[in-house]
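# just the structure for this:
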Amino acid sequence: LPLGATVNMNGTALYEAVTVIFIAQGHGIDLSLGRTCIVASISTLAAVGAAAIPSAGLVTMLMVLQAAGLGQYSSSIAVVLAIDWLLDRLRTM
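Next up is the predicted model:
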């Protein structure tokens, strides 16, 4: 893969960060500024490291949840799974 295809994963990074914050808010957890920065940086690194395969963002999202200290809510990804197939097609255009 060319480097440009790997680095240009902006949609996946935004998707992971927004989804992790959505899961935290859905469980009534307020993320501090530090934890929000961790979510942003880890989701960016995870998006660069994600393979160019469909739904790879769901796998790396578990890593972002663990880094933010929200690993116990990893089952909440099932809520997002219902619309991920559509979002995945829009992210990889």
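# measure the residue nearest to residue 69 when sequence neighbours are not counted to residue 72 for me?
Excluding its sequence neighbours, the residue lying closest to residue 69 (CB to CB, 6 or more residues apart in numbering) is residue 35, at 6.8 Å. Where C-beta positions appear, they are placed from N, C-alpha and C, glycine not excepted. Computed as CB to CB, to the nearest Å, the residue 35 to residue 72 distance reads 14 Å.
# neighbour count winner among those two?
For residue 35 versus residue 72, neighbours defined as other CB atoms under 10 Å are more numerous around residue 35 (18 against 10).
# list the buried residues for the host helix or strand of residue 89?
Secondary structure from DSSP states H and E places residue 89 in helix 77-91. Within helix 77-91, the residues that qualify as buried by neighbour count (16 or more other CB atoms under 10 Å) are 77, 80, 84, 87-88, 91.
# and residue 64, how many neighbours?
Counted with other CB under 10 Å, the neighbours of residue 64 add up to 26.
# now residue 65
Residue 65: 23 neighbours (other CB under 10 Å).
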